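Colleague: Turn this into a model:
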Amino acid sequence: MNRIKLGKLIRKVEGNKNKQLKDLPLLGINIDKEFMPSVANTIGTDMSNYQIVKREQFACNPMHLGRDERMPTALLLNQDEILVSPAYFVFEVIDKNIILPEYLMLYFKQPETDRLLWFKTDSSVRGGLGWNELCDIEIPVPDLQVQKDIIRQYNQISDAIKVKEKLNNNLEQQAFSFYKLKISNKDKNAVLSDIANITMGTSPEGESYNDIGNGIIFYQGRSDFGFRLPTVRLYTTEPKKYANKGDILMSVRAPVGDINIAKEKCSIGRGLAAINSKIGCASFLFYTMLELKFELNKFNDEGTVFGSITKDDLFALPIVSLTDDEQKEFEDKIAPMDKQIYTNEKEILMLKNMQSLLLKKLTAKTAKLSFI
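Modeller: Numbers count the residues shown, from 1 in each chain. Sure thing, here's the model as predicted:
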């Protein structure tokens, strides 16, 4: 496997400003390194300064790498043209006979790549990355057939994940529709603390954090949330507050109201609250929280990172509370659906772990692949 400097494989796209003011979607890049609709307010903005990204071109945001320890990077595959921020790098592969764009994107998805780039950040407050520093890194480049094999296997796993995610979305929509039917035409007659036990998180000392399994699993906030279950990344040897298996984990800092479910006993930081039903009706409580999410948007301070909700506000959130018998009737119908969602989500996490293992093959000395 050859190691080649990135600057010999890619070139910055020049002359791609939106001078003709094309009506194209403005996209940003999320933490999963995929394009997403931009949240930027562009009213009165000169859109001619924004950059056009074409199919099989990359965009990356190098500005906050030092702060976030990851560089949002995405490859455009499903659209012909989009717009991105003037502050982004837009680049493309020079020769597809040497490296395929999809293979290069898989390299950018590796946590090891983010760590390597993080070490190269400048000394500014936010810690940005320069174009020359990006081009200076060496990456392993196997022959094209190996690249194609890796891409094929990664995409096969991605397709399996999408099937499970679609099933979960359908199940949740059905369950939530039933919840809305049960509470329709009912006034809010209780507050959240009437039906739920609530524990506000407290962060341990930073020195106690580790990623090698010492201590108890630790979740600081929503950054590790999935569809229903969070991804384990950190542990702490000095836990302060706990969530038990099956507790709802709710983000109490922007964006307030995002929810997941703890799949094991864990420690929770100040960005989360742990919530469970006083009468064991976990599904009813979950969909109550899902309904509350829409109202909790007011705590997000118009989408800024400073949005939060206090303990008193959380405890006093108005809700529709059914009788104990009605909640248990709801539970009998919806809990089996939630159990299937939980099973699917565990399988999704397993598939994502397979993807992570496959990505590690990109830096292996040999590239023998046997996942699929």
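
Colleague: how's this protein carved up into domains?
Modeller: Annotated domains of the chain cover 2-141, 185-321 [automatic domain parsing].

Colleague: what about the first one, start to end distance?
Modeller: Chord length of domain 2-141, first to last residue, is 5 Å (C-alpha to C-alpha, to the nearest Å).

Colleague: Rebuild the domains of the chain as a markdown table, extending it with mean pLDDT.
Modeller: Converted to a markdown table, the domains of the chain look like this (pLDDT from 0 to 100):
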| stretch | mean pLDDT |
| --- | --- |
| domain 2-141 | 90 |
| domain 185-321 | 92 |
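
Colleague: where do the helices sit along the protein?
Modeller: When assigned using DSSP state H, the helices of the chain occupy the ranges 65-68, 101-109, 111-119, 131-135, 144-183, 192-195, 282-296, 311-315, 324-360.

Colleague: Of all the ones you listed, which one is nearest Lys17?
Modeller: Nearest of these to Lys17, taken as C-beta to C-beta: helix 131-135 at 16.9 Å. C-beta: built from backbone N, CA, C; applies to glycine.

Colleague: buried set for that closest one?
Modeller: 133-135 (16 or more other C-beta atoms under 10 Å).

Colleague: if we can go back for a sec, any chance of the helices of the chain in JSON lines with distance to Phe89 as columns?
Modeller: Formatted as JSON lines, the helices of the chain follow (distance: least, C-beta to C-beta, whole Å):
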{"stretch": "helix 65-68", "distance to Phe89": "11"}
{"stretch": "helix 101-109", "distance to Phe89": "12"}
{"stretch": "helix 111-119", "distance to Phe89": "12"}
{"stretch": "helix 131-135", "distance to Phe89": "6"}
{"stretch": "helix 144-183", "distance to Phe89": "23"}
{"stretch": "helix 192-195", "distance to Phe89": "45"}
{"stretch": "helix 282-296", "distance to Phe89": "35"}
{"stretch": "helix 311-315", "distance to Phe89": "41"}
{"stretch": "helix 324-360", "distance to Phe89": "22"}
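
Colleague: To Val93, which of those helices lies closest?
Modeller: When those are compared (using C-beta to C-beta), the closest one is helix 101-109, at 5.1 Å.

Colleague: Which strands and helices lie in contact with the closest one?
Modeller: If you count contacts as 3 or more C-beta pairs under 8 Å, 6 or more residues apart in numbering; DSSP states H and E, helix 101-109 packs onto strand 58-60, strand 73-75, strand 89-93, helix 144-183.

Colleague: would CSV of those with mean neighbour count and distance to Leu349 be doable?
Modeller: Compiled in CSV, the helices and strands packed on helix 101-109 are given as follows (neighbours: other C-beta atoms under 10 Å; distance: least, C-beta to C-beta, whole Å):
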stretch, mean neighbour count, distance to Leu349
strand 58-60, 22, 27
strand 73-75, 25, 23
strand 89-93, 20, 32
helix 144-183, 15, 10
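
Colleague: Kindly reformat these as a markdown table containing distance to Pro318.
Modeller: Shown next, in a markdown table, are the helices and strands packed on helix 101-109 (distance: least, C-beta to C-beta, whole Å):
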| stretch | distance to Pro318 |
| --- | --- |
| strand 58-60 | 43 |
| strand 73-75 | 40 |
| strand 89-93 | 47 |
| helix 144-183 | 12 |
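
Colleague: Met200 is nearest to which of the ones you listed?
Modeller: Closest among the helices and strands packed on helix 101-109, using C-beta to C-beta: helix 144-183, at 25.4 Å.

Colleague: and the angle from that closest one to helix 324-360?
Modeller: 170 degrees (axes from the mean of the first three to the mean of the last three C-alpha atoms, to 10 degrees).

Colleague: re earlier: ranking the domains of the chain by burial, who's on top?
Modeller: Among the domains of the chain, domain 185-321 has the highest mean neighbour count (mean count of other C-beta atoms under 10 Å), at a mean of 17.

Colleague: Nice, that's everything, thank you.
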